[in-house]
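Enquirer: The amino acid sequence is not available; the structure is as follows:
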Ligand SMILES: [Zn+2]
Ligand SMILES: [Zn+2]
């Protein structure tokens, strides 16, 4: 994983570009959380880093192609993802011993660096997480599988007689994806 020491950032700032392979990303992410996607291509990151007044400012771009399973038809599909971001990192103060630090809502949204190091891989992965769809679909309006015979309704209709499902839930799913 890619970590940068604060001392390595010159006064005028630093431009960095790096690439992380699928295997190293998956090894890293599986320690963090359950993930239900895969990487089809390496994760490419490009950032500008500056430090000023004890803070670190990062602007950048991450780009990759993920692989998801469609929530309706269960088919796997590639999902190109590219996003830009801007972050301000604050030094993480040592918590007073034996006490839980209560973070205000404003602080919760901030990012931190600790021990004079910036975990660039972690930052890049976080940007990916922010862009992951809540309910991945292979295509807008995917017909899904028949709940009775299991046939992929995108390929052809089946003969099963079903009750029409027009629940609020499917409307909600649509809304979340937009
Ligand atoms: Zn689908
Ligand atoms: Zn059917």
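Expert: That came through, no problem. None of the values given here were measured: they were computed from a predicted structure. Ligands and ions are numbered 1, 2, ... in the order given.
Enquirer: secondary structure element for residue 122?
Expert: Remark: residue 122 resides in helix 120-131, with elements defined by DSSP states H and E.
Enquirer: Then residue 158?
Expert: Using DSSP H and E, residue 158 maps to neither a helix nor a strand.
Enquirer: could you list every residue that touches it?
Expert: Contacts for residue 158 (C-beta atoms under 8 Å, 6 or more residues apart in numbering) come out as 146, 148-149, 151. C-beta: built from backbone N, CA, C; applies to glycine.
Enquirer: Isn't residue 118 up against residue 3?
Expert: Yes - contact status for residue 118 versus residue 3: in contact at 6.9 Å, counting by C-beta atoms under 8 Å.
Enquirer: show me the contacts for the spatially closest residue to residue 36 that is not a sequence neighbour.
Expert: Sequence neighbours aside, residue 69 is the residue nearest to residue 36 in space, at 7.2 Å (criterion: C-beta to C-beta, 6 or more residues apart in numbering). Applying C-beta under 8 Å, 6+ apart, one finds that residue 69 lies in contact with 36, 75-77, 136.
Enquirer: Give me the buried entries from the residues you listed.
Expert: When burial is judged by neighbour count using 16 or more other C-beta atoms under 10 Å, the buried members of the contacts of residue 69 are 77, 136.
Enquirer: Excluding sequence neighbours, find me the nearest residue to residue 22.
Expert: Counting by C-beta to C-beta, 6+ apart, the nearest residue to residue 22 once its immediate chain neighbours are dropped is residue 39, at 4.2 Å.
Enquirer: List, one by one, the residues from this protein near ligand 1.
Expert: 70, 72-73, 138, 142 (C-beta under 5 Å from the ion).
Enquirer: And the helices in the protein?
Expert: With DSSP state H as the criterion, the chain has helices at 22-32, 105-108, 120-131, 168-177.
Enquirer: and the last one, average pLDDT?
Expert: Taken as a whole, helix 168-177 has a mean pLDDT of 57.
Enquirer: low pLDDT regions in this structure?
Expert: For the chain, the stretches flagged by pLDDT under 70 are 32-33, 94-110, 162-178.
Enquirer: returning to that earlier point: hmm, the residue nearest to residue 22 is touching residue 26, no?
Expert: Yes - with contact defined as C-beta under 8 Å, residue 39 and residue 26 form a contacting pair (7.0 Å).
Enquirer: Those two: which is more packed in?
Expert: Set side by side, residue 39 and residue 26 give different neighbour counts by other C-beta atoms under 10 Å, the larger being at residue 39 (21 against 12).
Enquirer: Run through the residues that contact that one.
Expert: 22, 25-26, 64-67.
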